[in-house]
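Peer 1: for reference, the sequence and a predicted model appear below.
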Amino acid sequence: MKYYFRQINEYKNPVPLYFLCGVQYNKKNPQDDKRVVLKEYLKEKKCCSIILEQYFNPKKSSGKLGYDTIGLQNLNDVETLACMAVDGVFIIHESHSTAAEIALFASTEAVAEKTFVLVPDKENAETNHFSGFLELGYKSLMPRHITFTPVIEKHIVNESKVEIKTFFKNNKIGKNLEKKIDDCINNAYRFKVLNIKKSNYHLNYNESISYYIDSNNLINMSIDVQLLKYYMIAIFSISEFRKEIRKTLRYFDGLTVCEVWFKKILLNSIQRNEASSIGKLNCKFEISNSINGRLDFRKAISFILYIFHGLGWIEIDINDKKGITMSKKTDDSTGFKYIYEKYSNIICEDTYLDIEGI
């Protein structure tokens, strides 16, 4: 059976995914962590979200997967891929580290337009973390801001240091903040373009897959990581693919299966635009919305699988003694079967091809 990616000019993402950034994760009392509270609120709104520190470490330890295993050597690479892959970013801004994240995300328009910053009101902000550099250098690109009023606790560390901790009141999102967050959520439901376009001038189209065949008969392809995530979810809806992934014995075997299936379906789709056979041509991929030259196609797919693991959709064994296993939860909106079936219309079988293109 052959499979193809559909051409969809107006695609409404059924399950938005958010990346939640903030101060250091509260391991001791996670229920008090503002990102955990926000995550629960987004879940009520039928959205998915991920706090990376809950599931991953720079290096494999404490029962958590390591980024270094998939070739991501620093947090800049990790956060770059995260903000490119998700549908929206919430930054709870209360530290100099979150100011650095704002600078990173604001430097690219495609990321800045889907980034929302929650800032304590001036009366409750410990310090003004927006430096003059950020205000002047990034003012025109700064993400949208949402002001909230936190509950404040002061802890005396010593005579010269007072530690300030902030919380959402009763660990709940207040009514005023609810409305502002809901407006942000609506932004993630904007129509996307899922098209595969041939580029006659070797140009990349950021909101689609673009390709050209050069003089050496090499197919050069460019893809947006956010769209790659949609395609990868959809591929899990294919029973033959799931059977093959279940047979894998190691993580990287499973990763290769994902990579091969994506390339195969994409080439099937491209072939319908080409008079000559492209079956034996080699392919080269690049990330079209990358703000980091170290990131490549295989790392992007690998990180997407890490996100799926963090969401509980699949399980990656930390000791790499088995391949990728899939969540058995199917009865609610958090089960992977429920999720991938929502994306299954991105793919069609050869018996259901339309006559107007891919």
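Peer 2: That came through fine.
Peer 1: thinking residue 262 is in contact with residue 233, fair?
Peer 2: No. Proximity of residue 262 to residue 233 does not meet the contact threshold set by Cβ atoms under 8 Å, at 11.4 Å. C-betas here are computed from N, CA, C, even on glycine.
Peer 1: what segments of the stretch 151-300 of the chain are helices?
Peer 2: Under the criterion DSSP state H, counting those that start in this stretch, helices of the stretch 151-300 of the chain are mapped to 175-187, 225-235, 239-246, 251-271, 297-310.
Peer 1: please name the nearest non-neighbouring residue to residue 282.
Peer 2: For residue 282, ignoring the flanking residues on the chain, the nearest one in space by Cβ to Cβ, 6 or more residues apart in numbering is residue 218 at 5.5 Å.
Peer 1: then residue 169?
Peer 2: Spatial nearest neighbour of residue 169, chain neighbours left out: residue 151 (5.2 Å); criterion: Cβ to Cβ, 6+ apart.
Peer 1: burial of that neighbour, as a residue count?
Peer 2: By other Cβ atoms under 10 Å, the residues close to residue 151 number 13.
Peer 1: pull the contacting residues for it.
Peer 2: Shown here is residue 151, whose contacts under the criterion Cβ atoms under 8 Å, 6 or more residues apart in numbering are 166-169.
Peer 1: let's see 10 Å
Peer 2: Residue 151 is in contact with 32, 124, 165-171, counting by Cβ atoms under 10 Å, 6 or more residues apart in numbering.
Peer 1: and if you look at residue 67?
Peer 2: With contact set as Cβ under 10 Å, 6+ apart, residue 67 has these partners: 52, 56-60, 73-75, 77-78, 81, 302-303, 306.
Peer 1: report the buried members of those.
Peer 2: Applying a neighbour-count criterion of 16 or more other Cβ atoms under 10 Å, the buried members of the contacts of residue 67 are 52, 56, 60, 77-78, 81, 302-303, 306.
Peer 1: and the residue nearest to residue 211 when sequence neighbours are not counted, what are its bridge partners?
Peer 2: Nearest-residue entry for residue 211: residue 221, 4.5 Å, with adjacent residues in sequence omitted and distances by Cβ to Cβ, 6+ apart. Beta-bridge partners of residue 221, counted by DSSP bridges, are residue 211, residue 285.
Peer 1: circling back: any chance of TSV for the helices of the stretch 151-300 of the chain, columns distance to residue 345?
Peer 2: Formatted as TSV, the entries for those read as follows, by distance: least, Cβ to Cβ, whole Å:
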stretch	distance to residue 345
helix 175-187	22
helix 225-235	8
helix 239-246	16
helix 251-271	14
helix 297-310	19
